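# Got a sequence here, can you build the structure:
(4 chains)
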Number of protein chains: 2
Amino acid sequence: MQRTRFGDMACSIARTMDVIGEPWSPLILRDVYVGIARFDQLQEDLGISRKVLAERLKWLLEQDVLERREYSAKPPRHEYALTPKGVELVELLMVMVRWGDRWTAGEAGPPVLYRHHACGRTARVELHCSECGEPMGPTDIDVLPGPGAAA
Amino acid sequence: MQRTRFGDMACSIARTMDVIGEPWSPLILRDVYVGIARFDQLQEDLGISRKVLAERLKWLLEQDVLERREYSAKPPRHEYALTPKGVELVELLMVMVRWGDRWTAGEAGPPVLYRHHACGRTARVELHCSECGEPMGPTDIDVLPGPGAAA
DNA sequence: AGTGTGAGTTCCCTCAGGGAACTTTGGAGG
DNA sequence: CCTCCAAAGTTCCCTGAGGGAACTCACACT
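Residues are numbered from 1 along each chain as shown, chains lettered A, B, ... in the order given. So this is what the prediction gives:
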């Protein structure tokens, strides 16, 4: 990965990138989310080097984004699962999907669709304000220093 | 960056990571978004190697995420700005901020706050369904193959 | 005993990131 | 005119992370 450490910067983007900024991590989380959860399955599905996969998984376990479960003890077998912290990262993936669908899908259209349980319809995700519920994008806000800002 | 190419995968996450998956790119976009837009400013603010910064900027220009403007012709001086495609990536950054605030900010609290123009309040971003407007997260959907799915 | 499978490790090679010095273009100052 | 300065990169070298293939280890099946 990068040698410059992001984890100590006073920026939530940098700190998030410190956890999942290495390019394979989002794809690993995606696979675990959809049920591709074992080491060899991940390696084959992604085409990632086994070495790098082992490194990434160890890091994501340390970060409490994934957890490792034994699903068989007689022959010891494990699979990976998202923690609550990891499930919330999937929201980030949903927004990536939206951008990728819009700007990179081309003629073929989106590779996957989401069906929303609440309304049963095929839908995309949109950003809304936590306070008033109206849409809230980059051009709808002022950015102000918060309590954790650096000097 | 990674030698494995992500741009050809039938996955909008992978294709998005192909554009901004290198760890510095989101921070560059953040800086440009808040008005840190010139080469030397970016280099100093981020602490990135000048060499890598030049590479990233060139890539982001090629991807039509940034554009380069001449703000002075007499001494030729340039600055970078977000394209519409780039502005939509800032939505992704806003979701990263939300996750980073929640899970990595600790005692100090969030480094920045957003004030929503529409309601004037300090707010976070939330994910809602494009069809019914209700909240929509990773546990509220089924994932189905779409038209652009691979064989 | 021999084969198979899951889950990693180990080894080597190449290339990308970090850092510092150097270059280029065109003012500004004396 | 000559020198100095700033913006915006470029070049060079070094180290370390990613890729790939082979190897390991524990256990079950036949």
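# Show the contacting residues for the closest residue to residue A:130 other than its chain neighbours.
Nearest residue to residue A:130 in three dimensions, chain neighbours excluded: residue B:124, at 4.4 Å (C-beta to C-beta, 6 or more residues apart in numbering or on different chains). To be clear about C-beta, it is placed using only N, CA and C from the backbone, and glycine gets the same treatment. Going by C-beta atoms under 8 Å, 6 or more residues apart in numbering or on different chains, residue B:124 touches A:130, B:98, B:101, B:114.
# And the pLDDT for the third one?
To tie it back to what came earlier, the one meant is residue B:101. On pLDDT, residue B:101 comes in at 97.
# burial measure for the nearest residue to it once chain neighbours are set aside, as a count.
Computed as C-beta to C-beta, 6+ apart, the closest residue to residue B:101 that is not its neighbour in sequence is residue B:110, at 4.2 Å. Neighbour count for residue B:110, taken as other C-beta atoms under 10 Å in any protein chain shown: 22.
# Check which helix or strand residue B:110 maps to.
Taking DSSP states H and E as the definition, one finds residue B:110 inside no helix or strand.
# I figured it hits residue A:146, correct?
Yes: applying C-beta atoms under 8 Å, one finds residue B:110 in contact with residue A:146, separated by 4.3 Å.
# picking that back up, residues in contact with the residue nearest to residue B:101?
A:12, A:146-148, B:97, B:101.
# Quick one: the strands in chain A, in order.
Ranges of strands in chain A, per DSSP state E, are A:66-72, A:77-82, A:112-116, A:122-123, A:125-129, A:141-145.
# any chance of those strands in JSON lines, with distance to residue A:92 too?
Formatted as JSON lines, these follow (distance: least, C-beta to C-beta, whole Å):
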{"stretch": "strand A:66-72", "distance to residue A:92": "15"}
{"stretch": "strand A:77-82", "distance to residue A:92": "12"}
{"stretch": "strand A:112-116", "distance to residue A:92": "15"}
{"stretch": "strand A:122-123", "distance to residue A:92": "17"}
{"stretch": "strand A:125-129", "distance to residue A:92": "10"}
{"stretch": "strand A:141-145", "distance to residue A:92": "18"}
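# out of these, which comes closest to DNA strand D?
Nearest to DNA strand D, of all the strands of chain A, is strand A:66-72, at 8.6 Å by C-beta to the nearest atom of the strand.
# Neighbouring strands of that closest one in the sheet, and parallel or not?
Paired neighbours of strand A:66-72 in the sheet (DSSP bridges): strand A:77-82 (antiparallel).
# Please give me every residue in contact with the nearest residue to residue A:96 once chain neighbours are set aside.
Here the nearest residue to residue A:96 in space, its sequence neighbours aside, is residue B:16; by C-beta to C-beta, 6+ apart that works out to 4.4 Å. Neighbouring residues of residue B:16 by C-beta under 8 Å, 6+ apart: A:96-97, A:99-100, A:104, B:92.
# Neighbour count and distance to DNA strand D added to those residues, as a markdown table?
As requested, the contacts of residue B:16 are arranged in a markdown table below (neighbours: other C-beta atoms under 10 Å in any protein chain shown; distance: C-beta to the nearest atom of the strand, whole Å):
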| residue | neighbour count | distance to DNA strand D |
| --- | --- | --- |
| A:96 | 25 | 19 |
| A:97 | 25 | 22 |
| A:99 | 20 | 22 |
| A:100 | 22 | 19 |
| A:104 | 19 | 20 |
| B:92 | 21 | 21 |
